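# Let's see this in three dimensions:
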Amino acid sequence: MDEVQIAKQGCMRCGNNDNALDDHSVLNASCNLESREEKLNLKVIGVGLCRTGTYSLRGVLNMLGFPCYHYSEMRKNNQINLWLDILSGKSEDWKSAFSGYMATVDFPSITVYRKLMELCPEAKIILTVRDTQTWYESVKDTVYRAYNTPGDQSPSQLVLSRLKMWEGLFGGRFEDREYAMSVYEAHVESVKNYVPAHKLLVFNLKEGWLPLCNFLGVPLPPADTPFPHLNKTAQFIGCRFKEA
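Presented below is the predicted three-dimensional model:
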């Protein structure tokens, strides 16, 4: 099956097929999930850095019945200023940020994953990983390129990504390849050391459904369901830099 067919299968917990891969709407009346409650109720916290398969994991979690927050959701929900306030310490309005979601992956939530673990102590933690060198090339050719492309992001987005990603996490040295790769590897080790082993899944997308479904305690999808690999480098470049 292709990705369109996968999407048509819908959410494996509620059966709703409204944009199952790309946008599991939390307003669907037929989806009887705890995530619709107005409280912070994260069941899954993704802590892998961007370009480790976080967008694919988002799609998979949506399919498995865990409506998932991601950088793209922040943009869609017009929450950039909310996150600027949260990350600067001006606000702790976590409920507004994650209202209706049962999972979160990618930036900006990865920068506060320890706080989210405190707020949601029963949440399971997924650390997506990939080869360090291919990770660096992917980031350089996609999100870092977007950051440096005039007009690609709003002023607020630029401030947020600069403060917490490029100057924060990478100390303004992302273009130093060896340093950036060392930051990536240090992040992986930091997560492994911080998160209790029984709550952590270190996950490479190449491993597919079995370890992920076992970890989450959900049934495997039908045998002919391919594991989605979304937002690959070529796709990102084709969508964001069509005139480049």
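# Is residue 40 located within a helix, as I assumed?
No. Under DSSP: H, G, I helix; E, B strand; the rest coil, residue 40 falls outside any helix and is assigned coil.
# Could you report the distance from it to residue 59?
According to C-beta to C-beta, to the nearest Å, residue 40 stands 23 Å off from residue 59. Every residue, glycine included, has its C-beta placed from N, CA and C.
# Of the two, which one has the most company?
residue 59 (25 against 15; other C-beta atoms under 10 Å).
# just checking, that one touches residue 228?
Yes. Using C-beta atoms under 8 Å, residue 59 makes contact with residue 228 at a distance of 4.9 Å.
# for the longest helix seen in the chain, packing partners?
As assigned by DSSP state H, the longest helix anywhere in the chain is helix 177-194. The contact analysis (3 or more C-beta pairs under 8 Å, 6 or more residues apart in numbering; DSSP states H and E) places helix 177-194 against strand 124-128, helix 132-141, strand 200-203.
# So what touches the last one?
With C-beta atoms under 8 Å, 6 or more residues apart in numbering as the test, strand 200-203 has contacts from 48, 57, 124-129, 188, 191-192, 211-212, 215.
# Could you tell me how far that strand lies from the centre of the chain?
On the basis of C-alpha atoms, centre = their mean, to the nearest Å, strand 200-203 is displaced by 14 Å from the centre of the chain it belongs to.
# which of the residues in that strand are buried?
By neighbour count with 16 or more other C-beta atoms under 10 Å, strand 200-203 contains the buried residues 200-203.
# go on, stretch 195-215?
195, 200-203, 205, 209, 212-213, 215.
# Could you identify the pair within those residues that is furthest apart?
Farthest-apart pair in the buried residues of stretch 195-215 is 195 and 209; separation 22.2 Å (C-beta to C-beta).
# middle-most residue in the chain, spatially?
residue 105 (2.5 Å; C-alpha atoms, centre = their mean).
# From residue 143, how far out is that residue?
Separation of residue 105 from residue 143 (C-beta to C-beta): 14 Å.
# related to what we said a few turns ago, between the helices and strands packed on helix 177-194, which one is closest to residue 66.
strand 124-128 (9.8 Å).
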